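Asker: Predicted structure and sequence below. I'll ask about it afterward.
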Amino acid sequence: PDDVLVPRRTRHGVVASDVMVFGRKRRITRPAPADMATAASAVRRPASAVAAGPMEKRARTASEIKARDEAEARILNNLPKATAVVVHVDPPQPKPTNTALPTDEPKTSTAKPSTKENPATKDSINTKMPSKPKAPKKHATESDPTPVSYGALAALDEGMARAHKHSRKRARDAQTLLKRAVGVGDVKFFNRLIRDFGNDKQLGFVEEAFRRIVEVKGLKRNVYSHTNMLNACVRVGELDKARVVWSNMLAEKNADMHPNEVTYTVFIKGLAQNGELDEATALLEKMCAHESEAAPNVRTFSTLLRNCVRHADGINADRCFELMQDAGITPDAASFEYLIKTKCAAFDAVGAWSAHAEMEREYLDATPQALAALATVSSITGDVTKARAACVAAKTAIEANGAGMVLSTEGSDDGGLFRKGLGSGSVGMDDDDDVDDDFLEKEPPQRNNDNSGEYMSESVRAFLRLRNSDAARQVAEVEEFLGKGGTHVNAVAADVNNGHDHEKSPVAVVEGTGDRLDFSALFGNGGTVLPTKLEVCSGMGDWVVNRSIADKNKCNWLAIEMRRNRVRMTWAKGVRARLTNLAVLRGMAHEMISSRVNDETLTEVHVNYPDPPEWVGSKQCLVDFDFLKETHRALRKEDGYLTLVTDDPGYAMRMCRELSKVPELFTPTAPDGKPFVAGVPENYGGSYFDEMW
């Protein structure tokens, strides 16, 4: 970031341009959190230049090290107070014997007014303290005060230090490659550079490489330059930038610059993942026309189908399959799996089973996750026979692929995993991970007739093991639900078949912005006035549903989620548990809190494992000034708490910086003064990626 890192010359003699990020500027006069002084003083300093850490320019002598330490101490003693806790989860470490909070943490009852010290252990690992808001003394602005530096944060945590060092190294390496590309003077070299930067989500360097092509004498951009540039924009979710690249390609008079089938597929992906499914389908229809300059392939169709799952859009999924068959392209196993999951996400059990039957006619085997999705949608719509048959088939498929399963670190029966993204373990499992795309479309696992998995690569085995675990959890949930008896199953099926917008639905679903909500009328617990808590980024709803069950008759829970299929699954899980203290809001978090939540009506706000910004310069960041301002407005000032949880060190640092800009809004509760705590309490829940370690 240009407010922390400044250009300088490297040993290669390269002068930084506007996209470069190199050495950190030392701001001796800048204030930093005073409460960080205690933690920073405990950090062991290197005794030599060799042992010096990555967050500062290395001192070369003992006197220089001493002078640096004294300067940093002066800085830390004058830093403004850190403003809130970010719970930063590193890869699993050995668990300590002491924990700060009970397993049902956080509870507002454990928090005291800011004049008293909150109870906590000396060891900050596996502890979490929420942040208590306070009335602002002045209007918060985005420029005042100066945020805490990345270097100061990196000095407090090893994971953050690694992330900080890695980002700086990537910038140096990228600039070196840019200089080499200019020296080589080959458009193919530039195209490979744009492709690699795009795959690494370094959009700033992608734009710089794309710009420099025409600055080299004799070089011109070609269709591959534009396609790689388009792909880089799509990968980081910058649809507006992608539209500009697409428009420029169409405006080119040179026939060699016109989009090919790869370019079309990339742009369809960008439209579809942004929710523009009608426009994406229209573009696919244009490709299928006889006069089209680029014909679609199976991956083009699968790209659209995969995003139909995310938005539970059965209409566009059916149209995509019709176009696929009209084009004479035989659907593969991935295409059928996406169609089945789309139907399941829309609670269309009949359509899902019809797609499964067509898949069998093509002599293709359904995956365990597709079968588990069929089991779930059949159970909640009242078809017990088909639900049990799908459970048996899913178990058989898990055994057949020979990959095994992953044992949850959270335990096999607590359901405490968030299971977002790849590991959602639910009907609408799409999801948006590139790993899923790569394995389903680039390296499909082949069937092993001996069921041993002997010829399966280790990467494919690990991928299938995770998917098997998701399917097994889902099957277990279905069997547990069916075991509650016909009366319970029929009552749930009646609510599901009526739909989430029915007036008698026990769990309300509110879509889009609108008038402020009356919580006494929103929840189905008879208008009882109970404290209300909120989870942002609720994913498939496992965490918030479990919390709602634990807090039944004690408090109400709101869940905010953007994806339609995830909202529907959260609703279905709430209905299946017969909850009346849960409601789901579908939309962007900033907009939903601003338009739907009244002032000082929430006691807790939890942001659990939000997606990190896709690239360094991205403005698509959940935890920013506007979010913190709206959250502060919605929280009750006497007993309100904000808890942020992430397993991404870079995002943790960005959260800390955003919080340090608004010290008048929140008071930290960590007793050691750090703006974050490493680890979460046991049974709080973890991200899906915890299972990969």
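Answerer: Okay, I see it.
Asker: buried set for stretch 161-179?
Answerer: Buried residues in stretch 161-179, counted by 16 or more other Cβ atoms under 10 Å: 161, 163-164, 167-168, 170-172, 174-175, 177-179. Any C-beta I mention is one placed from the backbone N, CA and C, and that applies to glycine too.
Asker: what's the closest of the residues you listed to Lys504?
Answerer: Lys504 lies nearest to Ala163 out of the buried residues of stretch 161-179, by Cβ to Cβ, at 49.3 Å.
Asker: The closest one is in contact with Met653, isn't it?
Answerer: Yes - using Cβ atoms under 8 Å, Ala163 is in contact with Met653, at 7.1 Å.
Asker: Residues that sit against both of the two, list them.
Answerer: Both Ala163 and Met653 are contacted by Ala154, under the criterion Cβ atoms under 8 Å, 6 or more residues apart in numbering.
Asker: picking up where we left off before, nearest to Glu511 among the buried residues of stretch 161-179?
Answerer: Checking the buried residues of stretch 161-179 one by one against Glu511 (Cβ to Cβ), the nearest turns out to be Ala163, at 36.5 Å.
Asker: Tell me if that closest one really is in a helix.
Answerer: Yes - membership of Ala163 in a helix is supported by DSSP: H, G, I helix; E, B strand; the rest coil.
Asker: quick one: contacts for it?
Answerer: Ala154, Pro649, Gly650, Met653.
Asker: again with Val262
Answerer: Thr227.
Asker: Check it and give its pLDDT.
Answerer: Model confidence at Val262, given as pLDDT, is 94.
Asker: How about Val148?
Answerer: Val148 is given a pLDDT of 83.
Asker: What's the local residue count around the nearest residue to it once chain neighbours are set aside?
Answerer: Of all residues not flanking Val148 in the chain, Ser660 sits nearest, at 4.3 Å (Cβ to Cβ, 6 or more residues apart in numbering). The tally of other residues near Ser660 (other Cβ atoms under 10 Å) stands at 26.
Asker: what's the answer for the one 10 residues further on, then?
Answerer: Look at Ala670: counted by other Cβ under 10 Å, it has 25 neighbours.
Asker: Assign a three-state SS to it, would you?
Answerer: coil.
Asker: and it, what pLDDT?
Answerer: pLDDT, read off for Ala670, is 80.
Asker: again with Gly421
Answerer: 34.
Asker: any idea of the mean pLDDT for stretch 461-474?
Answerer: 87.
Asker: Between the buried residues of stretch 161-179, which sits nearest Ile340?
Answerer: Ala163 (38.7 Å).
Asker: what stretches of the stretch 251-400 of the chain score poorly on pLDDT?
Answerer: For the stretch 251-400 of the chain, the stretches with pLDDT under 70 are 253, 255.
Asker: Break down it into its helices, ranges please.
Answerer: 261-273, 277-288, 298-310, 314-326, 333-345, 349-361, 368-380, 384-401 (DSSP state H, counting those that start in this stretch).
Asker: Pull out the buried positions in the fourth one.
Answerer: The neighbour-count criterion (16+ other Cβ under 10 Å) identifies Gly314, Asn316, Ala317, Asp318, Arg319, Cys320, Phe321, Leu323, Met324 as the buried residues of helix 314-326.
Asker: I figured the residue nearest to Val148 hits Pro675, correct?
Answerer: Yes - using Cβ under 8 Å as the test, Ser660 is close enough to Pro675 to be in contact (6.8 Å).
Asker: still on that earlier bit, could you check how far the residue nearest to Val148 is from Ala589?
Answerer: The spacing between Ser660 and Ala589, counted by Cβ to Cβ, to the nearest Å, is 21 Å.
Asker: do Val206 as well
Answerer: Taking Cβ to Cβ, one finds Val206 at 28 Å from Ala589.
Asker: Secondary structure element holding Phe190?
Answerer: Assigned by DSSP states H and E, Phe190 belongs to helix 187-199.
Asker: Can you give me the buried ones in that helix?
Answerer: Quick answer for helix 187-199 (16+ other Cβ under 10 Å): Val187, Phe189, Phe190, Asn191, Arg192, Leu193, Ile194, Arg195, Asp196, Phe197, Gly198.
Asker: Same question for stretch 266-278.
Answerer: Those would be Val266, Phe267, Ile268, Lys269, Gly270, Leu271, Ala272, Gln273, Asn274, Gly275, Glu276, Leu277, for stretch 266-278 by 16+ other Cβ under 10 Å.
Asker: and the closest residue to the first one other than its chain neighbours, what pLDDT?
Answerer: Residue nearest to Val266 in three dimensions, not counting chain neighbours: Asn231, with 4.8 Å by Cβ to Cβ, 6+ apart. Asn231 is assigned a predicted lDDT (pLDDT) of 94.
Asker: Now the helix or strand hosting Asn231 - C-alpha only, PDB.
Answerer: Per DSSP H and E: Asn231 is located in helix 223-235. In PDB, the C-alpha atoms belonging to helix 223-235 read as follows (Å, rounded to 0.1, in the frame of the first residue of the first chain):
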ATOM      1  CA  VAL A 223      -6.100 -11.600 -28.700                       C
ATOM      2  CA  TYR A 224      -4.100 -13.500 -26.100                       C
ATOM      3  CA  SER A 225      -3.000 -10.300 -24.400                       C
ATOM      4  CA  HIS A 226      -6.600  -9.200 -24.000                       C
ATOM      5  CA  THR A 227      -7.900 -12.600 -23.000                       C
ATOM      6  CA  ASN A 228      -5.300 -12.900 -20.200                       C
ATOM      7  CA  MET A 229      -6.100  -9.400 -19.100                       C
ATOM      8  CA  LEU A 230      -9.800 -10.200 -19.100                       C
ATOM      9  CA  ASN A 231      -9.200 -13.400 -17.100                       C
ATOM     10  CA  ALA A 232      -7.200 -11.400 -14.500                       C
ATOM     11  CA  CYS A 233     -10.000  -9.000 -14.000                       C
ATOM     12  CA  VAL A 234     -12.600 -11.800 -13.700                       C
ATOM     13  CA  ARG A 235     -10.500 -13.700 -11.200                       C
END
